[in-house]
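In: missing the sequence, but the structure's below:
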């Protein structure tokens, strides 16, 4: 970084802030955004906070044609005392760099990127909603901007951070969803880009999601792309199962995204002295556990929902109802604990919270 | 389509056209571009030819985050008589719609899209270079423009066509390349997006390509993502082998892109009464054929190079030199015939050429 001074150009007019019950997810954006440019040989330069505005890009920019891009998602929470909390943001910046490496994109100075994020949040602090369950969703992303139709890594990039106040994921309290086990479409495969947070993985998931919704299910459970046998993720979340008292989640295998919430849950469970194991787990095994009455809970984990309890799987036409379709005790406890840490109402034994000051 | 009239807004200033030896590939663009918008419920609307200009997009546009986009690539050729030829452009428009279906994107009226393409070419006709081997590369593409961070299909799209005069792929005559057989990274897998011409496939390919180039190879040979055993594509091209007189190409299996050049070559070979077969083919088989002295030729096929002869494979450290590293007779004949049809110097028995008038 040649010059780490962030230039600030404040918006002359402020947009009207939405009511907390009108927030939804990812549709409303704050008054400002962070931008920084990269040119090969010069490096990252011109960091700036500017009014939220359209991007002007050449139609031949590589992002439009070859999808060279990575992103992150995290949240800022305001506590009852008015403090602003981030949750393990350094993990997101580390993952952004790992994703960039897979996509042949330049590395960011993680500390500087986090500092930029904090400065942006301070400027748009009034946008952080305070109603229970609401938060400020933070989307850092990097796009390849060089105008060139050759299939090669771009020499120009932009790093941006945009902010969106978001409503509670569970307006009517945490509740379980129905999941279709996906047997046709594949999200990612070993040797592909599944471990990177990059656009193509999400584009690839749209069709299966559309089919699942048409059939009345919320999400799909992704199986591995090789044998279509082993469990990978659920929707765009990691997935956990409680089987006969043990908590199991698929091991990171080269095609599963390494979720920050996933990692936090594993640490919490160990802290509680509960048996938790990361390993290969097949859908056959889940089915057997269900048949034996040992499939006690299942839930997805991610930044948006934190915990998304699974009430039912549909696999080859058969319905596997879990815990009578109700939120399990462990799912609820994990949700309450993690959100409690994030909103500052529970102790933070791991030092996960980073205060924005 | 509510209104199929294409509005035309000509550029007031014309850019300087490059020398034919300065063209390269995909770096220079003509004076105009085609644009058309889509909104769910309203459909495609406002088709227009405008001066080539930057796109203005919300930073939350789905294209930047979830890669919902498809594209095509084809060329316009100018003949000695000054006619402008397209090569089977209807195949590209059909494939664009198939790609869109996989990506949950709206269908285009193929005839209208082709008509728009022709009108744009006529306006920028003077940009088509006429030196041997040069052409006008045409890039139609659709991007998801709705500003929304939910992982779901966009409700807004833009369809664009941009044009780039390109130099001869073989400045010093057609010549063979060295190819690294890729054993780690995977381009696509059955159930994924490999059959669609969409950004994520190309983003996924960059790392392997980078590693191959560092080792001194031009491209990688992609193996299947499941067993890493069967041959899929070479770089971003389809691939053919001549083994003991028979021409073999991998069958379309759900992860290979259905190339227009690939299809044309199969038709040409049948027309010449040469044995050609589409089937599963393993790298082991290629190796055995090589050891037996029966691997006579190998070549990639695509719009950019037409035919790209392969002089050598590197597989697990062993060099498989094909035809003494020289361009094979069949490769040369296919190249001469196809480019001859495209430039109007050879008969066109299949009616592949579409004249732009």
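Out: Everything's here; your move. Here the structure is a predicted model, which means the values were calculated and not measured. Residues are numbered from 1 along each chain as shown, chains lettered A, B, ... in the order given.
In: contacts for stretch A:203-212, please.
Out: Here stretch A:203-212 makes contact (CB atoms under 8 Å, 6 or more residues apart in numbering or on different chains) with A:67, A:180, A:182, A:184-188, A:218-220, A:222, A:235-236, B:66-69, B:102-104, B:151-153, B:192-193, B:198-200. (Each C-beta comes from the backbone N, C-alpha and C, glycine too.)
In: and the gap between residue A:338 and chain B?
Out: Plainly put, residue A:338 is 21 Å away from chain B if you go by CB to the nearest CB, to the nearest Å.
In: surely that residue is in a helix?
Out: Yes - looking at residue A:338 with DSSP: H, G, I helix; E, B strand; the rest coil, it is inside a helix.
In: how much space separates it from residue A:75?
Out: Separation of residue A:338 from residue A:75 (CB to CB, to the nearest Å): 11 Å.
In: would you state the strands of the stretch 251-357 of chain A in chain order?
Out: Remark: strands assigned in the stretch 251-357 of chain A by DSSP state E, counting those that start in this stretch are A:276-279, A:295-302, A:306-315, A:318-321, A:353-356.
In: please identify the deepest-packed of those strands.
Out: Mean neighbour count (mean count of other CB atoms under 10 Å in any protein chain shown) peaks for strand A:295-302 among the strands of the stretch 251-357 of chain A, with a mean of 25.
In: any residues touching that one, and which ones?
Out: Residues outside strand A:295-302 that contact it (CB under 8 Å, 6+ apart): A:219, A:234-245, A:259, A:261-262, A:265, A:286, A:289, A:307-310, A:313, A:320, A:322-323, A:328-331, A:334.
In: now, these that are in helices?
Out: Taking DSSP state H, the ones among the contacts of strand A:295-302 that sit in helices are A:261-262, A:265, A:286, A:289, A:329-331, A:334.
In: quick check: phi and psi on the residue of chain A found nearest chain B?
Out: Nearest residue of chain A to chain B (CB to the nearest CB) works out as residue A:200 at 2.0 Å. For residue A:200, the backbone dihedrals (degrees, to the nearest 10) come out as phi -60, psi -30.
In: residues from the stretch 201-350 of chain A in reach of chain B?
Out: A:201-207, A:209-210, A:225-226, A:228, A:235-236 (CB under 8 Å from any CB of the partner chain).
In: domain ranges for chain A?
Out: Following automatic domain parsing, chain A resolves into domains at A:7-166, A:177-343.
In: reformat the ones you listed as a markdown table; add distance to residue B:345.
Out: Formatted as a markdown table, the domains of chain A follow (distance: least, CB to CB, whole Å):
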| stretch | distance to residue B:345 |
| --- | --- |
| domain A:7-166 | 27 |
| domain A:177-343 | 40 |
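In: out of those, which comes closest to residue B:31?
Out: Residue B:31 sits nearest to domain A:7-166 of all those, at 13.0 Å, using CB to CB.
In: avg pLDDT for the closest one?
Out: Averaging pLDDT along domain A:7-166 gives 97.
In: the stretch 101-250 of chain A: strands as residue ranges?
Out: Using DSSP E, counting those that start in this stretch, strands in the stretch 101-250 of chain A cover A:135-144, A:156-166, A:177-181, A:219-223, A:231-234, A:238-243, A:246-250.
In: save the ones you listed as TSV, and put in distance to residue B:134 too.
Out: What follows is the strands of the stretch 101-250 of chain A, written out as TSV (distance: least, CB to CB, whole Å):
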stretch	distance to residue B:134
strand A:135-144	27
strand A:156-166	26
strand A:177-181	51
strand A:219-223	46
strand A:231-234	47
strand A:238-243	51
strand A:246-250	52
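In: using a markdown table, lay out those strands together with distance to residue B:25 and mean neighbour count.
Out: Listed next are the strands of the stretch 101-250 of chain A as a markdown table, based on distance: least, CB to CB, whole Å; neighbours: other CB atoms under 10 Å in any protein chain shown:
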| stretch | distance to residue B:25 | mean neighbour count |
| --- | --- | --- |
| strand A:135-144 | 17 | 24 |
| strand A:156-166 | 17 | 23 |
| strand A:177-181 | 43 | 21 |
| strand A:219-223 | 37 | 25 |
| strand A:231-234 | 37 | 25 |
| strand A:238-243 | 41 | 24 |
| strand A:246-250 | 42 | 21 |
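In: between these, which one is nearest to residue A:9?
Out: strand A:156-166 (14.7 Å).
In: what are the pairing partners of the closest one, and which direction each?
Out: Strand A:156-166 has its sheet partners listed here by DSSP bridges as strand A:32-39 (antiparallel), strand A:135-144 (antiparallel).
In: residue B:53 is nearest to which of the ones you listed?
Out: Each of these was scored for nearness to residue B:53 using CB to CB, and the closest is strand A:135-144 (18.6 Å).
In: distance from the chain centre to the closest one, please.
Out: Offset of strand A:135-144 from its chain centre (CA atoms, centre = their mean, to the nearest Å): 10 Å.
In: and for stretch A:107-127?
Out: Taking CA atoms, centre = their mean, the mean C-alpha location of stretch A:107-127 is offset from the chain mean by 18 Å.
In: neighbours around residue A:346, how many?
Out: 13 (other CB atoms under 10 Å in any protein chain shown).
In: tell me the pLDDT at it?
Out: For residue A:346, the pLDDT comes out at 96.
In: for the residue with the largest distance to the centre of chain A, give me its contacts.
Out: Distance from the C-alpha centroid of chain A, by CA atoms, centre = their mean, peaks at residue A:292 (33.5 Å). Taking CB under 8 Å, 6+ apart, we find residue A:292 in contact with no residue.
In: any idea how far the nearest residue in space to residue A:154 that is not next to it in sequence lies from residue B:206?
Out: Counting by CB to CB, 6 or more residues apart in numbering or on different chains, residue A:144 is the residue found nearest to residue A:154 once chain neighbours are left out, at 3.4 Å. Residue A:144 sits 10 Å away from residue B:206, going by CB to CB.
In: ok, now residue A:90?
Out: Computed as CB to CB, the residue A:90 to residue B:206 distance reads 27 Å.
In: sorry, back to before: among the contacts of stretch A:203-212, which lie within helices?
Out: Among those, the members falling in helices (DSSP H) are B:66, B:102, B:199-200.
In: closest one to chain A out of those residues, please.
Out: Looking across the ones in helices among the contacts of stretch A:203-212 and measuring by CB to the nearest CB, the closest to chain A is residue B:200, at 2.0 Å.
In: the closest residue in space to the closest one that isn't next to it in sequence: neighbouring residues, count only.
Out: Once flanking residues are discounted, residue B:200 sits nearest to residue A:200: 2.0 Å by CB to CB, 6+ apart. For residue A:200, the neighbour count with other CB under 10 Å is 30.
In: pull out the buried positions in stretch A:112-128.
Out: For stretch A:112-128, burial by neighbour count (16 or more other CB atoms under 10 Å in any protein chain shown) applies to A:112-114, A:116-121, A:123-124, A:127-128.
In: show me how far that stretch is from its chain's centre.
Out: 19 Å.
In: so is it next to chain B?
Out: No - Stretch A:112-128 does not reach chain B (CB under 8 Å from any CB); its nearest approach is 12.7 Å.
In: on that earlier part again, can you check the pLDDT for the residue nearest to residue B:200?
Out: pLDDT recorded at residue A:200 is 97.
In: the stretch 1-150 of chain A: helices as residue ranges?
Out: With DSSP state H, counting those that start in this stretch as the criterion, the stretch 1-150 of chain A has helices at A:62-66, A:89-102, A:110-123.
In: contacts for the first one?
Out: Contact with helix A:62-66 is made by A:57, A:68-69, A:143-149, A:151, A:154, B:55, B:63-64, B:69, B:71, B:139, B:141, B:143, B:199, B:202-203, B:206, as judged by CB under 8 Å, 6+ apart.
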